[in-house]
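[1] Here's my sequence, what's the structure:
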Amino acid sequence: MDLLPLFAPQSMAVCGVSLSNDRHPANVIYNKNLLRFPVDVFPVNPRGGTILGEKVYTAIDRIESDIDLAVIAVRAEYVPDVLEQCISKKVKGAVVISGGFAEAERKDLQDRIVEIATRADFPFIGPNCLGIYAPSLVDTFFLPSERMICPDKGNVAMISQSGGILVDLLVKFAGEGIGLSLAVSIGNKAMVKEEQLLHYLAKDPATSVIAFYIEGFGHNEGRKFVEAARNCPKPVIVMKAGRTSGGQRAVSSHTASLAGDYKVMSDIFAQFGIVEAKNELELLSFCESLSSYHNTSAKRIGIITGSGGHGAMAVDACLDHGLEVPLLTETDQKALRDFLSPSIQAIAALGNPIDLTGSAVEDDFAIATSALFDSAEIDCIIVLLLPYLPGISSDISARISQLAKKTAKPLIAYVPHEEKYRMLIEGFEFNQVPVSPSIEGAVMMAEALHRRSSW
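    Numbering: from 1, shown residues only. Predicted coordinates for the structure are as follows:
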């Protein structure tokens with residue numbers, strides 16, 4: 001099953017465009033790809049006519065050009081016939097946007113389209129989904145472009161059973177500066193499932209981290225998925241819904257999935273090296289840190305701060321997440337103190353966390369960072385950078401990031417995510433240093449590195 005034409009199509013047909021309703025999902029998809037993406041796109045409606053000055057084809061097999069991807073947004077009962085036309089036309093794959101299948105108690109209709117596609121080895125995403133968003137290549141989400149907030153191109157792939165959760169996560173990815181290689185809403189996942197996507201993404205050179213939002217698995221799907229994840233050379237992150245009995249009921253009504261026993265599934269994830277995220281904050285933190293660092297240890301944490309309270313909170317969070325914050329030796333503390341600014345030598349606390357106090361200047365942060373990179377007691381450094389300290393400039397983040405490039409140890413930063421601190425945040429992001437808007441998030445980033453390296 002070749003999935004590449006779905007995610008990097010040269011040509012696309014949109015089946016179901018309306019001649020009278022510009023807000024119809026098929027029209028939104030057609031318009032945005034026609035005007036904003038490099039794919040050749042063709043509208044299809046049995047009535048024919050024109051739209052935006054372009055010819056509307058009465059059937060997909062009437063299109064003269066070869067078609068890589070068909071987007072099907074017609075009533076559920078018409079989908080089998082459209083799939084047959086796609087196969088006859090030798091289209092390479094499809095996204096079935098249409099709902100009204102197993103999630104609406106029409107499993108018979110869903111089984112029918114699966115049988116049609118399986119017989120022809122014809123891959124399709126869906127049904128009951130948003131489909132595919134590949135930055136700068138294609139977008140089958142039926143959401144107006146002016147309302148979407150999408151992250152920049154990057155190396156994290158996000159696969160979700162829920163289209164709404166996926167769109168929400170893309171907004172958060174953009175806010176956190178997490179770059180995206182591919183986003184896929186799989187809905188009922190009747191044909192192409194998580195396992196097949198995992199195999200594809202494991203070989204995708206543009207993807208370094210693979211994240212999933214999963215509601216449930218069908219019969220035998222879970223076993224195949226975790227086996228594929230175990231053999232995947234890239235980090236696999238899963239956020240699983242249906243952790244409670246109420247959540248399991250909601251999952252079943254949404255995409256007709258079997259939520260299964262959460263505790264059993266969670267234990268299996270850990271056993272097979274899958275990094276499980278319990279919530280969106282963990283998912284974002286895990287994606288950002290694992291997209292920056294691969295197979296690096298982060299058990300013993302060194303903390304640098306200009307505020308004692310922030311340092312204490314970071315220590316608590318580290319211990320809560322199973323990480324260590326080792327005390328620096330008296331020898332290391334003395335060596336560090338001798339290089340600090342005279343104004344803080346007597347007042348800085350250097351045991352770990354290193355509290356440089358609010359009187360620290362930029363050189364102090366750089367000296368402390370270098371000292372922890374050189375320490376044999378520390379695996380990973382978390383810098384709690386308070387942008388309002390008077391002794392630092394907007395260049396400090398880039399300066400500290402440059403130090404990180406000279407070592408194999410990971411550096412993680414905390415900076416409040418406010419527009420006026422954008423230069424500080426970008427100084428880290430441009431140098432592939434993960435930066436969190438919360439202390440808890442920064443610690444979660446370290447936890448993800450530790451869990452990945454421990455497997």
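[2] Show me what the closest residue to residue 270 other than its chain neighbours is bridged to.
    Nearest residue to residue 270, sequence neighbours excluded (CB to CB, 6 or more residues apart in numbering): residue 276, at 6.9 Å. Every residue, glycine included, has its C-beta placed from N, CA and C. Using DSSP bridges, the beta-bridge partners of residue 276 come out as residue 238.
[3] which ones are touching residue 454?
    With contact set as CB atoms under 8 Å, 6 or more residues apart in numbering, residue 454 has these partners: residue 299.
[4] quick one, phi/psi of it?
    phi -80, psi -20 (degrees, to the nearest 10).
[5] roughly how far apart are it and residue 237?
    Per CB to CB, to the nearest Å, residue 454 is found 15 Å from residue 237.
[6] So which bits of the strand ranked longest in the chain are buried?
    Longest strand in the chain, counting residues (DSSP state E): strand 153-160. Using 16 or more other CB atoms under 10 Å as the test for burial, strand 153-160 gives 154, 155, 156, 157, 158, 159, 160.
[7] which pair in these spans the largest distance?
    Using CB to CB, the buried residues of strand 153-160 span at most 17.7 Å, a distance reached by 155 and 160.
[8] Does residue 16 touch residue 44 like I think?
    Yes. Here residue 16 reaches residue 44: they are 7.2 Å apart, a contact under CB atoms under 8 Å.
[9] So which of the two has more stuff around it?
    Each of residue 16 and residue 44 has its neighbours counted (other CB atoms under 10 Å); residue 44 has more, 28 against 24.
[10] Chain neighbours aside, what residue packs nearest to the more buried one?
    Once flanking residues are discounted, residue 44 sits nearest to residue 15: 4.4 Å by CB to CB, 6+ apart.
[11] my guess is residue 361 meets residue 392, correct?
    Yes. With contacts counted by CB under 8 Å, residue 361 reaches residue 392, the gap being 6.9 Å.
[12] Backbone dihedrals for residue 125, both of them.
    According to degrees, to the nearest 10, residue 125 has phi -90, psi 140.
[13] How many residues are close by it?
    29.
[14] Beta-bridge partners for it, please?
    With DSSP bridges as the rule, residue 125 is bridged to residue 95.
[15] for it, what are its contacts?
    Going by CB under 8 Å, 6+ apart, the list of residues near residue 125 reads 6, 93-96, 131-132, 184-187, 191-192.
[16] Make a markdown table from the residues you listed and add neighbour count to it.
    Below are these laid out as a markdown table (neighbours: other CB atoms under 10 Å):
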| residue | neighbour count |
| --- | --- |
| 6 | 27 |
| 93 | 25 |
| 94 | 33 |
| 95 | 30 |
| 96 | 30 |
| 131 | 28 |
| 132 | 24 |
| 184 | 29 |
| 185 | 28 |
| 186 | 31 |
| 187 | 28 |
| 191 | 23 |
| 192 | 22 |
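[17] So which of those is the closest to residue 379?
    Nearest member of those to residue 379, counting by CB to CB, is residue 184, at 34.3 Å.
[18] how about the nearest residue to that closest one, chain neighbours excluded?
    Nearest non-adjacent residue to residue 184 (CB to CB, 6+ apart): residue 159, at 5.0 Å.
[19] ok, and what's touching stretch 334-342?
    Stretch 334-342 is contacted from outside by 328, 345, 348, 350, 354, 356, 359-361, 363-364, 367-368, 371, using CB under 8 Å, 6+ apart.
[20] now do 6 Å
    345, 350, 361, 364, 367, 371 (CB atoms under 6 Å, 6 or more residues apart in numbering).
[21] Then stretch 309-323?
    301, 303, 305, 325, 353, 355, 384, 439, 440, 443, 447.
[22] Could you report the neighbour count for residue 421?
    With other CB under 10 Å as criterion, residue 421 counts 18.
[23] Looks to me like it is in a helix.
    Yes. Judged by DSSP: H, G, I helix; E, B strand; the rest coil, residue 421 forms part of a helix.
[24] Quick check, it in contact with residue 387.
    Yes. Using CB atoms under 6 Å, residue 421 is in contact with residue 387, at 4.5 Å.
[25] So which elements touch the helix or strand containing residue 226?
    Taking DSSP states H and E as the criterion, residue 226 maps to helix 221-230. With contacts defined as 3 or more CB pairs under 6 Å, 6 or more residues apart in numbering; DSSP states H and E, helix 221-230 has these neighbours: helix 194-202.
[26] buried set for the helix it packs on?
    Buried residues in helix 194-202 (16+ other CB under 10 Å): 194, 195, 196, 197, 198, 200, 201, 202.
[27] measure the second one to residue 391 for me?
    Separation of residue 195 from residue 391 (CB to CB) stands at 53 Å.
[28] what residue ranges in the protein score low on pLDDT?
    242-260 (pLDDT under 70).
[29] One more pass at 90, please.
    Filtered on pLDDT under 90, the chain yields the residue ranges 1, 218-220, 241-267, 270, 273, 294-297, 408, 452-455.
[30] so what are the domain limits for it?
    Domains of the chain are assigned by automatic domain parsing as 1-127, 149-292, 295-454.
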